[in-house]
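generate a structure from the sequence data that follows.
(chains A and B)
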2 protein chains.
Amino acid sequence: MTSRPSPETIALIVGELQKHMGNRVVTSQAVRGQHANTLTWVTAEAPDAVVFAESTEEVASVVRLCADHQVPVIAFGAGSSLEGHTNAPFGGICIDLTGMAAVLAVHAEDLDCVVQPGITRKRLNEHLRDSGLFFPIDPGADATLGGMASTRASGTNAVRYGTMKDNVLALTVVLPSGEIIRTGSRARKSSAGYDLTRLFVGSEGTLGIITEMTLRLHGIPEAVSGGVCVFPTVEAACSASIAAIQAGIPVARMELADATQVRAINLYSKLALQETPALFLEFHGSAAGVEEQSQRFGEIAEEFGGGPFEWATRAEERTRLWQARHDAFWSALALRPGGAALSTDVCVPISRLAECVVATQQDIAATGLVAPIVGHVGDGNFHVIIVLDPSDKAEKAAVEGFLDRLVERALAMGGTSTGEHGIGQKKSRYMVKEHGEGAVAAMRAVKLALDPLGIMNPGKVLPS
Amino acid sequence: MTSRPSPETIALIVGELQKHMGNRVVTSQAVRGQHANTLTWVTAEAPDAVVFAESTEEVASVVRLCADHQVPVIAFGAGSSLEGHTNAPFGGICIDLTGMAAVLAVHAEDLDCVVQPGITRKRLNEHLRDSGLFFPIDPGADATLGGMASTRASGTNAVRYGTMKDNVLALTVVLPSGEIIRTGSRARKSSAGYDLTRLFVGSEGTLGIITEMTLRLHGIPEAVSGGVCVFPTVEAACSASIAAIQAGIPVARMELADATQVRAINLYSKLALQETPALFLEFHGSAAGVEEQSQRFGEIAEEFGGGPFEWATRAEERTRLWQARHDAFWSALALRPGGAALSTDVCVPISRLAECVVATQQDIAATGLVAPIVGHVGDGNFHVIIVLDPSDKAEKAAVEGFLDRLVERALAMGGTSTGEHGIGQKKSRYMVKEHGEGAVAAMRAVKLALDPLGIMNPGKVLPS
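All right, here's what the predicted structure looks like:
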């Protein structure tokens, strides 16, 4: 359905856009290249032009023009997605939304805010700091909120605060026709009709472009405590995590790093952690509450042979620890200087997590890969960061085989091919296996209903 | 698009169904009447026949047969919906799912379970009791889980545990074509494609029929405390609630009853509460945690002139209190013996709740209605239970006017026409006003894509 537009069509569109947007329409090789896929080993496929949008109306007029000429449209934020989400396999116009990064309103009493999609999570939280509120979703990268909604991102806080699906109240979306709609309201819940908000969250820009977002905020906890607890095995760490959740301890963050990842963190972040499986933990609540939570977790950890539980009592110490955790991607690279990193994720029911991680470690060893593992253990979601030499064809092929086995393992355990990275280009081949022909056909029907011309981020999510 | 099937078509379908389902196909007036709308004043519209299904495959074969003959299909659970959701304005086949009420699996380690849609919330929790887990969503009625998913129901626990949208992990759905699909997995989160689960949750049986559900469970809290706190005004009660949420107190339940509702509860449930606005509260956590939460809430209440905070220390006392709250619908009837009750709901940003409730009380007084108010104040969601004489045409007209003004007031405050009851037949007239033409057109496109023949619960959700 989707095809690459002719050079004449592109020239015509670019000319038309320049009339209204002037030098915010860019066709230089460099800028187009920056807007193709970046953080992965997926081959970059540049768009024909990049436009830097400044308003919902402007996005709508670009989309209308593209619809008139059946030209692909790709939305772009921080470019930190991991599965080739922003590639332009059919060319077309990339709409860069980083110029739309304003906080439009903070409603402190309602614990919500309204933002433009180009703001990054760190900037949003800097803006919110004085309000006593924060936005909890924290993928590794400093992604834009629009991109985070589009990939249904989560991060280390999801076990307590949920994912983007739980923290987006409403969206303004430019549909593939160029029409502007609003999904949802500022009410905290609604039963009024189909849940369009959740339909667009996670649709990776294939159903429309998010141009405004109403987000749920949370009170900055009165007290935070956290630290690192080592375990003899991955199984012990996972069992302790499950026990903690079952006991109702409202853990805010509970992150597994395997021994290889701990070594990487020590190398990159200059820490001196014991190089065995470890849990990075954080508790939020009142002063007495976090103390009680920490103590109860310590007891549970001990039951499973874990500990000692080393507390980071000072805020700076904690920040350093979590920065180290967030830098997992970069630290993995430190294990193989000159290598390229490929980060992938799967998610399984938490009871299967230990088994899945251990089988994956064995696969890594058998395949001969350098690939530390970090996991959001409270959700059953883990990442494998493979450091490879992308010019080595045999190694690339071995990695491809490993990735297939990883997903098959997760699916066989009742899990999903991706917990938070999204499908993009590379994982669409697993969609039918995961969801079945019928469910994928239902997704296709929805896509066709909203984007009959197939212009919205073509080549993503749904298998071709 | 949808039309009423001819008597010949119905006779043919019924004959065909009887071949396979025997006396589980019922066409008696009485049974058809029981399966039309029940708990509201919406005029009952009976289906042509009711079938009592026993399996997903059976539901699929009924739907396929109906699709072949373009006959409407209406799914039916407890019949406790409030907006005419189960009416059959075009006749057709009602599929009663109460025979599909099994708990298929409880995965205690994963905090999830798999159930059939006909199980009611109380039966599910009885089944779960020994596992130490519970399912938190509790609409007033003992609804079926399938119905609760279909209306995106919530209840008194939503402020802490979310709504059905947050607690359904995966569904098995029979599509309007009769095809069986599975949405989601047992993984606690996923970024793999469009969120079909959330698309079916809240779609009120208009996109397909839910025949199996994977639900999130929660640990029964170690300690529960709760009680009633009176306030001089609705504003004071709402302000205290907002302050508690902002302070990060993880309130499990926080329910507002206005003075009229407290009087109704006293009458019906034989309590002796002070007849002023009151908050019913409950805290979940560790023993020390709930004590701290309660104490902090008491301090906040005092700041806003509330109190004393009367603690129900014994479990039986608490149960009695919450049963009284859940019986709000029935207690409202006690205010006007012989009257009929109509329960409606709206939801607004919590900062506007007090204003909306007070304006609604003034409207009730000016219109001369008997109509107590109860509210899930942590969500900004409140109910008006109007007790009327449905044979009095003038009163009915006055109520219709009141309902329109109630929704308009909520929408003007950035809210929604329904927080948890759903749209059904009666509220579809507000859909365009709430969502705009474009968003409703997008919903229609999705409906048409999945149900091109318009056979699934026609006349609901979308305005005709």
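
can I see the domain layout of chain A?
Following automatic domain parsing, chain A resolves into domains at A:7-96, A:103-219, A:223-325, A:330-412.

quick one: which of those is nearest residue B:154?
Across the domains of chain A, residue B:154 has its closest neighbour in domain A:103-219 (6.0 Å, CB to CB). Placement of C-beta: from N, CA and C, glycine included.

average model confidence for that closest one?
For domain A:103-219, the mean pLDDT works out to 97.

against residue B:169, how distant is the residue nearest to residue A:154 when sequence neighbours are not counted?
Leaving aside its chain neighbours, residue A:154 sits nearest to residue A:163 (3.7 Å; criterion: CB to CB, 6 or more residues apart in numbering or on different chains). Separation of residue A:163 from residue B:169 (CB to CB, to the nearest Å): 13 Å.

also residue A:428?
Applying CB to CB, the value for residue A:428 to residue B:169 is 23 Å.

okay, the two: which has more neighbours?
Neighbours were counted for residue A:428 and for residue B:169 using other CB atoms under 10 Å in any protein chain shown; residue B:169 has more, 24 against 21.

quick one: is the helix or strand that contains the more buried one near chain A?
According to DSSP states H and E, residue B:169 maps onto strand B:168-174. No: applying CB under 8 Å from any CB of the partner chain, one finds strand B:168-174 separated from chain A by no less than 8.6 Å.

which residues are in contact with the following helix or strand past that strand?
Where DSSP H and E defines the elements, the next helix or strand beyond strand B:168-174 is strand B:180-183. Contact with strand B:180-183 is made by A:435-436, A:438-439, A:442, B:56-57, B:60, B:170-175, B:196-197, B:199-200, B:208, B:211, as judged by CB atoms under 8 Å, 6 or more residues apart in numbering or on different chains.

show only the entries of these found in helices.
A:435, A:436, A:438, A:439, A:442, B:56, B:57, B:60, B:196, B:197, B:199, B:200 (DSSP state H).

do I have it right that the third one meets residue B:178?
Same thing as residue A:438. No: Residue A:438 is beyond contact range of residue B:178, at 10.4 Å (criterion: CB atoms under 8 Å).

more neighbours, these two?
Higher neighbour count among residue A:438 and residue B:178: residue B:178, with 19 against 16, using other CB under 10 Å.

not counting its neighbours along the chain, what's nearest the more buried one?
residue B:64 (3.1 Å).

pick out the residue closest to the middle of chain A.
residue A:153 (3.6 Å; CA atoms, centre = their mean).

dump the residue contacts of it.
Contact analysis of residue A:153 by CB under 8 Å, 6+ apart lists A:137, A:139, A:143, A:147, A:163, A:164, A:420, A:422, B:191.

at 6 Å what do you get?
By CB atoms under 6 Å, 6 or more residues apart in numbering or on different chains, the contact set of residue A:153 is A:139, A:164, A:420.

tell me the one of these nearest chain B?
Of all the contacts of residue A:153, chain B sits closest to residue A:420, with 5.2 Å by CB to the nearest CB.

quick check, the closest one in contact with residue A:154.
Yes: taking CB atoms under 6 Å as the definition, residue A:420 is a contact partner of residue A:154 at 4.5 Å.

so between the two, which is more surrounded?
Neighbours were counted for residue A:420 and for residue A:154 using other CB under 10 Å; residue A:154 has more, 31 against 28.

in a helix, the more buried one, correct?
No: applying DSSP: H, G, I helix; E, B strand; the rest coil, one finds residue A:154 to be coil, outside a helix.

so how far is residue A:143 from it?
11 Å.

now swap in residue A:49 and tell me
Distance of residue A:49 to residue A:143, given as CB to CB: 23 Å.

buried residues, the helix or strand hosting residue A:266. List them.
Per DSSP H and E, residue A:266 falls inside helix A:259-269. For helix A:259-269, burial by neighbour count (16 or more other CB atoms under 10 Å in any protein chain shown) applies to A:259, A:260, A:261, A:262, A:263, A:264, A:265, A:266, A:268, A:269.

quick one: mean pLDDT over it.
Across helix A:259-269, pLDDT averages out at 95.

who does that helix touch, helix- and strand-wise?
When contacts are defined as 3 or more CB pairs under 6 Å, 6 or more residues apart in numbering or on different chains; DSSP states H and E, helix A:259-269 sits against helix A:328-334.

can you pull the residues of the stretch 51-200 of chain A lying near chain B?
Contact residues (CB under 6 Å from any CB of the partner chain) of the stretch 51-200 of chain A with chain B: A:109-110, A:151-152, A:163, A:179, A:181, A:185-195, A:198-199.

let's see it at 7 Å
Contact residues, the stretch 51-200 of chain A versus chain B (CB under 7 Å from any CB of the partner chain): A:107, A:109-111, A:151-152, A:154, A:158, A:163, A:165-166, A:175, A:179-183, A:185-196, A:198-199.

give me the residues contacting the helix holding residue A:266.
A:257, A:271-273, A:275-278, A:324, A:327-328, A:330-332, A:334-335, A:372-374 (CB atoms under 7 Å, 6 or more residues apart in numbering or on different chains).

hey, C-alpha coordinates of stretch A:402-420 in CSV?
Taking C-alpha atoms only, stretch A:402-420 is exported to CSV below (Å, rounded to 0.1, in the frame of the first residue of the first chain):
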residue,chain,number,x,y,z
PHE,A,402,20.1,-15.2,19.9
LEU,A,403,17.4,-12.5,19.6
ASP,A,404,15.0,-14.9,18.0
ARG,A,405,15.6,-17.5,20.7
LEU,A,406,15.2,-14.8,23.4
VAL,A,407,11.8,-13.8,22.2
GLU,A,408,10.7,-17.4,21.7
ARG,A,409,11.7,-18.2,25.2
ALA,A,410,9.7,-15.3,26.6
LEU,A,411,6.6,-16.2,24.5
ALA,A,412,6.8,-19.8,25.6
MET,A,413,6.7,-18.6,29.2
GLY,A,414,3.5,-16.6,28.7
GLY,A,415,5.4,-13.4,28.1
THR,A,416,5.8,-10.7,25.5
SER,A,417,8.4,-9.9,22.8
THR,A,418,8.9,-6.4,24.4
GLY,A,419,8.0,-5.0,27.8
GLU,A,420,8.8,-1.4,27.1
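
quick one: buried residues of that stretch?
Using 16+ other CB under 10 Å as the test for burial, stretch A:402-420 gives A:402-403, A:406-407, A:409-411, A:413-420.

what does stretch A:329-346 give?
The neighbour-count check on stretch A:329-346 (16+ other CB under 10 Å) flags A:329-336, A:339, A:341-346 as buried.

which strands and helices sit next to the lowest-mean-pLDDT helix or strand in chain A?
Using mean pLDDT, DSSP states H and E, strand A:309-311 stands out as the lowest-scoring helix or strand of chain A, at a mean of 85. Contact here means 3 or more CB pairs under 7 Å, 6 or more residues apart in numbering or on different chains; DSSP states H and E; on that basis strand A:309-311 packs against strand A:223-230.

what angle sits between the one helix or strand residue A:281 maps to and strand B:278-285?
Using DSSP H and E, the element containing residue A:281 is strand A:278-285. Put simply, strand A:278-285 runs at 160 degrees to strand B:278-285, going by axes from the mean of the first three to the mean of the last three CA atoms, to 10 degrees.

next secondary structure after strand A:278-285?
helix A:287-303.

average pLDDT for that next one?
When pLDDT is averaged along helix A:287-303, the result is 93.

contacts for it, please.
Residues contacting helix A:287-303 (CB under 7 Å, 6+ apart): A:222-225, A:229, A:240, A:243-244, A:247, A:249-250, A:281, A:283-285, A:307, A:309, B:286, B:288-289, B:292.
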